[in-house]
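>>> I'd like to go over a predicted model; first the sequence, then the structure.
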Amino acid sequence: MARRQKGSHLRLLLLFTLLVLVGFAFPRLIWTTHLGYSLIALLLTQVMVRDSQAPQWSDRLYRGLGLLAVLTMWLWLLTPLELIHSGVPLALSWSLLVGWSVIRLVKRFAEEPKVTESLLMGATAGYLHIGLTAGLVMSALETIQPGSFEPLTVADAADSSVLAAAHAFSAINYHAFVCLTTVGFGDINPMLPLSRMVSVVTSITGPLYLAAVMGVLIGRFASSLDRQAKDQ
């Protein structure tokens, strides 16, 4: 029963990450993007944390970080673009959240006795989660330091909210996944030192995650083959 519940959590995580991508693909459904981000953070920190074997203080801190990340995202979305520092708490909280979440996910994968469909879904969701969070942090960075990414048009009115100009950030999320996959088309470029560093870190994180997850999956698959051989 517990293993089945863990599998359903991983499927939900993939569903929520795909929900975010739908909003970027179809601007009229941009609201699904922000809903998806919130659901991802809450699922990871409020639901999946129950299956954790980490110390209690660590789980409490992780729960608090998840709530803080959701709060800072909506605060950033609803504030005017001229309040540039509203993106700083978002960038910090979501950077910490994705790093901590990926570590917990990889440990969770390593505890699975064999490779299953839900495990593969969870591994895919973790990869997408890194790209989506990188896009969110880069979007916040563009509001903190306008001109961080070019060519890009964010908004004309300084008093408009980030939420009103959110459709423009789909281009930044595209750039984030280009960095994550190390494709590097070059149609959007980081122009300032901090945006360049964030792009570099994203490019490094993608291959590292794939290497870690592939190592876990291959190890689980080899272990299942050994058990089958012993049973025969």
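Sure thing, it's come through. Numbering: from 1, shown residues only.
>>> who touches residue 180 in this structure?
127, 130, 131, 134, 202, 203, 205, 206 (C-beta atoms under 8 Å, 6 or more residues apart in numbering). All C-beta atoms are positioned from the backbone trio N, CA, C, and that covers glycine.
>>> most neighbours, which of the residues you listed?
Counting neighbours by other C-beta atoms under 10 Å, residue 134 comes out on top of these with 27 neighbours.
>>> Flag every buried residue along the host helix or strand of that residue.
Element membership of residue 134, judged by DSSP states H and E, is helix 117-144. The neighbour-count check on helix 117-144 (16 or more other C-beta atoms under 10 Å) flags 118-119, 121-144 as buried.
>>> and the next element down the chain from it?
Assigned by DSSP H and E, the successor of helix 117-144 is strand 149-150.
>>> looking only at pLDDT, what's the mean for that following strand?
Average pLDDT, strand 149-150: 86.
>>> Which strands or helices does that strand pack on?
helix 170-180, strand 189-190 (3 or more C-beta pairs under 8 Å, 6 or more residues apart in numbering; DSSP states H and E).
>>> what's the residue most central in space within the chain in contact with, if anything?
With distances taken as C-alpha atoms, centre = their mean, residue 129 lies nearest the centre of the chain, 2.7 Å away. Contacts for residue 129 (C-beta under 8 Å, 6+ apart) come out as 13, 17, 40, 98, 101, 102.
>>> From residue 144, how far off is it?
For residue 129, the distance to residue 144 (C-beta to C-beta, to the nearest Å) stands at 22 Å.
>>> swap in residue 94?
13 Å.
>>> can you check residue 221 too?
As judged by C-beta to C-beta, residue 221 and residue 144 stand 44 Å apart.
>>> Next, the contact list for residue 8, please.
Residue 8 is in contact with residue 118, counting by C-beta under 8 Å, 6+ apart.
>>> Could you tell me how far the strand or helix carrying it lies from the centre of the chain?
Using DSSP H and E, the element containing residue 8 is helix 2-25. Mean-position distance between helix 2-25 and its chain equals 12 Å (C-alpha atoms, centre = their mean, to the nearest Å).
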